[in-house]
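Peer 1: Give the three-dimensional model of this entry:
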Amino acid sequence: MLFSIDRSLKTSIQQQLRTKIVSSVIDGQLVPGALLPSTRSLSRQLGISRTTVVIVYESLVEDGFLIAADRSGFKVNPDYPAEPSSSGPVLNDAVVVNWPSRFAKRPGKQANISKPADWQSYPYPFVYGQPDPALFPLPAWRECSRQAMSELAMRDWSSDAIAQDDPLLVHEIKTKLLPRRGIFVSEDNILITAGAQNALYLIAAQLVEKGLKVGMEEPGYPDARNIFDLNGADIEPLPLDEEGALYTNGAAACSFLFVTPGHNAPTTIPMTEERRLEFISKARQFDQILIEDDYECEAGYLDRPLPALKSLDTEGRVIYVGSLSKSIFPGLRLGYIVGDRQLIDELRALRRLMMRHAPSNNQRTTSLFISQGHHDTYIRKLNRIYKARRLMMINALDKYLPGMRQGSNFGGTSFWLKGPDGSDSRVLAREALKNGIVIEPGFPHFLDPRKHLNYFRLGFSSIADKKIPEGIRELAALLKL
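Peer 2: This next block holds a predicted model:
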């Protein structure tokens, strides 16, 4: 039997059967002209509805894989093009190119945030930046996707947009998302990117040269630091206090300052209004550019968050980076840059060389999702749930890991913890994983990771409420607290 059905899979029976038949035809297991089992026979063998088999067979006839033969059932299309020969040169392991000697950059050597690829299978996934799929309004997204796939809508986005973005998405960002952060700009000031990381890479590739100084919060966002480092920047650490990043003497020598004023990544400390005004004033005094990553800005549910740093900018000195992947789902990979029109024009030209533009169908679906109010409804729902989970986290942390959490009044979806002196969060993470607990070691967030091995982060966006107390209790047991 070439075909089988795995009922444990999330894919539908119809999809599984179609995939197996297509694979068998393409791989040559079913040769041109081969007769397939009758619909009645195959449905009986697989224990599935005959209607399902009929639907699959007829769809494959329509797509040219099968033909319906009179009185003899369904056959593989005799005219189906044969696959080219798979024979060809075989890689000779004895002939080895010295690839490392040719690498202009070594991103693989950088310290990065990591988590198991199968983190969802663990009972206590305290991972950051990942959604709880049970909370997402899938029917609403599916309906927006259906609307985006209509024949009329496809005329708008199915052709190559070259370097342009979906005007509907740009409009929604301009009129709905940015004003809430105190930002009022024109369409020419907005560029859609493949997520916030792509935005940061574009900015660094366009503006950062070898030897330029970039100020970064310490601790800070490791992906941003790695991007700037990869482009030749010298990183100047900006220490934190309870008001956010400090503008130090070293900061005055920087060409660019990367900050997360809404709430620091990873400590979640918000930058006060006084500190923001100081950064704006100093940037003007020393002719600097501020790069603001306003990640997770919608999760400020404890108090009304301050407007973005960009809202204080009257000279075009702040480049604002936003993420739709954070507020909708990470796999969407959509973000945006807000900046001076001259900068946006050049970044658009650079993006064209890299990827032309983000997928237009995803842009259109997202614009519909926002315009029809689903995004707002989803954010309100998440914030209600996150507020409750945060309280559960506080109670559990204070009970089982007293004194380890670092305070913040922002909200967000994670806690930054300082383990006992001399402890190593890498070792803790390995031991925790053996017990079904996923945590995030904090050392990649520091410029000198070796001095801060006892820090770690616990996210609560993707863990079920009832799992929070017992997961923290199990973690405390590993720390012998």
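Peer 1: Next up, phi/psi of L42, please.
Peer 2: phi -70, psi -40 (degrees, to the nearest 10).
Peer 1: for it, what are its contacts?
Peer 2: Listed by C-beta atoms under 8 Å, 6 or more residues apart in numbering, the contact set of L42 reads F3, L36, V53. Any C-beta I mention is one placed from the backbone N, CA and C, and that applies to glycine too.
Peer 1: Kindly report the same for D70.
Peer 2: Per C-beta under 8 Å, 6+ apart, neighbours of D70: none.
Peer 1: Of the contacts of L42, which is the most crowded?
Peer 2: Neighbours here mean other C-beta atoms under 10 Å. Within the contacts of L42, the largest count is held by V53, at 27 neighbours.
Peer 1: Then that residue would be within a helix, right?
Peer 2: Yes: the assignment for V53 (DSSP: H, G, I helix; E, B strand; the rest coil) places it in a helix.
Peer 1: which one is it nearest to, not counting chain neighbours?
Peer 2: T39 (4.4 Å; C-beta to C-beta, 6 or more residues apart in numbering).
Peer 1: on that earlier part again, which one of the contacts of L42 is nearest to Y122?
Peer 2: Distances from Y122 to those, taken as C-beta to C-beta, are shortest for F3 (33.3 Å).
Peer 1: so the closest one is in which element?
Peer 2: F3 is part of no helix or strand when elements are defined by DSSP states H and E.
Peer 1: shouldn't the residue nearest to V53 be in contact with V54?
Peer 2: Yes: contact criterion C-beta atoms under 8 Å: T39 and V54 qualify, at 5.1 Å.
Peer 1: Figure out how far stretch 470-481 is from the centre of its chain.
Peer 2: 29 Å (C-alpha atoms, centre = their mean, to the nearest Å).
Peer 1: typed the wrong thing, it's stretch 220-234
Peer 2: For stretch 220-234, the distance to the chain centre is 18 Å (C-alpha atoms, centre = their mean).
Peer 1: Not counting stretch 360-380 itself, show me its contacts.
Peer 2: Stretch 360-380 is contacted by residues 135-137, 140-141, 144-145, 147-149, 153, 156-158, 161, 165-166, 168-169, 171-172, 176-177, 192, 298, 324, 327-328, 332-334 when judged by C-beta under 8 Å, 6+ apart.
Peer 1: Tell me the spacing between the residue nearest to V53 and I113.
Peer 2: According to C-beta to C-beta, to the nearest Å, T39 stands 51 Å off from I113.
Peer 1: Assign V97 to one of the three secondary structure states.
Peer 2: coil.
Peer 1: Before we move on, what's the pLDDT of it?
Peer 2: Looking at V97, its pLDDT is 83.
Peer 1: Next, work out how far apart N77 and T39 are.
Peer 2: Relative to T39, and taking C-beta to C-beta, N77 is found at 17 Å.
Peer 1: Y455 now?
Peer 2: 61 Å.
Peer 1: Looking at those two, which one has more neighbours?
Peer 2: In this view Y455 and T39 are compared by other C-beta under 10 Å, and Y455 has more residues nearby, 23 against 20.
Peer 1: beta partners of the more buried one?
Peer 2: Judged by DSSP bridges, the bridge partners of Y455 are K418.
Peer 1: who's in contact with it?
Peer 2: For Y455, counting by C-beta under 8 Å, 6+ apart, the contacting residues are P219, W416, L417, K418, G419, S425, P441, G442, F443, H445, F446.
Peer 1: My guess is the last one contacts S425. True?
Peer 2: No: the pair formed by F446 and S425 falls short of the contact definition of C-beta under 8 Å, at 11.4 Å.
Peer 1: Neighbour count for those two, which is higher?
Peer 2: Shown here are F446 and S425; by other C-beta under 10 Å, S425 has more neighbours (22 against 19).
Peer 1: Okay, that one and I463: tell me how far apart.
Peer 2: Taken as C-beta to C-beta, the span from S425 to I463 is 18 Å.
Peer 1: One more: P137?
Peer 2: Using C-beta to C-beta, P137 is found at 20 Å from I463.
Peer 1: quick one: which of these two has more around it?
Peer 2: I463 (24 against 16).
Peer 1: mind listing what the more buried one touches?
Peer 2: Listed by C-beta under 8 Å, 6+ apart, the contact set of I463 reads Y124, P125, F126, D132, R389, G471.
Peer 1: buried ones in the helix or strand harbouring K387?
Peer 2: Secondary structure assignment for K387, by DSSP H and E: helix 374-400. Neighbour counts using 16 or more other C-beta atoms under 10 Å place 374-375, 378, 382-383, 385-386, 389-390, 392-393, 396-397, 400 of helix 374-400 among the buried residues.
Peer 1: how near is P444 to T193?
Peer 2: 23 Å.
Peer 1: can you list contacts of the helix or strand of the chain with the lowest mean pLDDT?
Peer 2: The weakest-scoring helix or strand in the chain, judged by mean pLDDT, DSSP states H and E, is helix 151-157 (a mean of 71). Residues outside helix 151-157 that contact it (C-beta under 8 Å, 6+ apart) are Q147, A148, D166, S360, N361, Q363, R364.
Peer 1: Export that helix to CSV, keeping only CA atoms.
Peer 2: Taking C-alpha atoms only, helix 151-157 is exported to CSV below (Å, rounded to 0.1, in the frame of the first residue of the first chain):
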residue,chain,number,x,y,z
GLU,A,151,-10.2,37.8,-7.4
LEU,A,152,-10.6,41.6,-7.1
ALA,A,153,-8.1,41.9,-4.3
MET,A,154,-5.5,39.7,-6.0
ARG,A,155,-5.4,42.2,-8.9
ASP,A,156,-3.9,44.6,-6.4
TRP,A,157,-1.2,42.5,-4.8
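Peer 1: Need the distance between the two termini of stretch 434-449.
Peer 2: End-to-end span of stretch 434-449 (C-alpha to C-alpha, to the nearest Å): 24 Å.
Peer 1: what does stretch 222-236 give?
Peer 2: 13 Å.
Peer 1: Any regions of this protein where pLDDT drops low?
Peer 2: Flagging of the chain using pLDDT under 70 yields the residue ranges 1-2, 82-95, 151, 157, 161, 407-408, 481.
Peer 1: Report the central residue of it.
Peer 2: The centroid of the chain falls nearest to P330 when counting by C-alpha atoms, centre = their mean (3.2 Å).
Peer 1: Tell me who's in contact with that one.
Peer 2: Contact analysis of P330 by C-beta under 8 Å, 6+ apart lists G129, Q130, P131.
Peer 1: Could I get the buried residue list for the top strand by length along the chain?
Peer 2: For the chain, the longest strand by residue count, based on DSSP state E, is strand 234-241. By neighbour count on 16+ other C-beta under 10 Å, the buried set for strand 234-241 is I235, E236, P237, L238, L240.
Peer 1: Can you tell me which of those is nearest Y201?
Peer 2: Nearest to Y201 among these is I235, at 15.9 Å by C-beta to C-beta.
Peer 1: Pretty sure the closest one sits against G220.
Peer 2: No: between I235 and G220 no contact is recorded; they are 9.1 Å apart, counting by C-beta under 8 Å.
Peer 1: mind checking the SS state of the residue of the chain positioned farthest from its centre?
Peer 2: Computed with C-alpha atoms, centre = their mean, the residue of the chain farthest from its C-alpha average is R71, at 52.9 Å. Classification of R71 by three-state DSSP places it in coil.
Peer 1: Quick one: residues contacting L178.
Peer 2: Applying C-beta under 8 Å, 6+ apart to L178 gives the contacts F184, V185, G322, V338.
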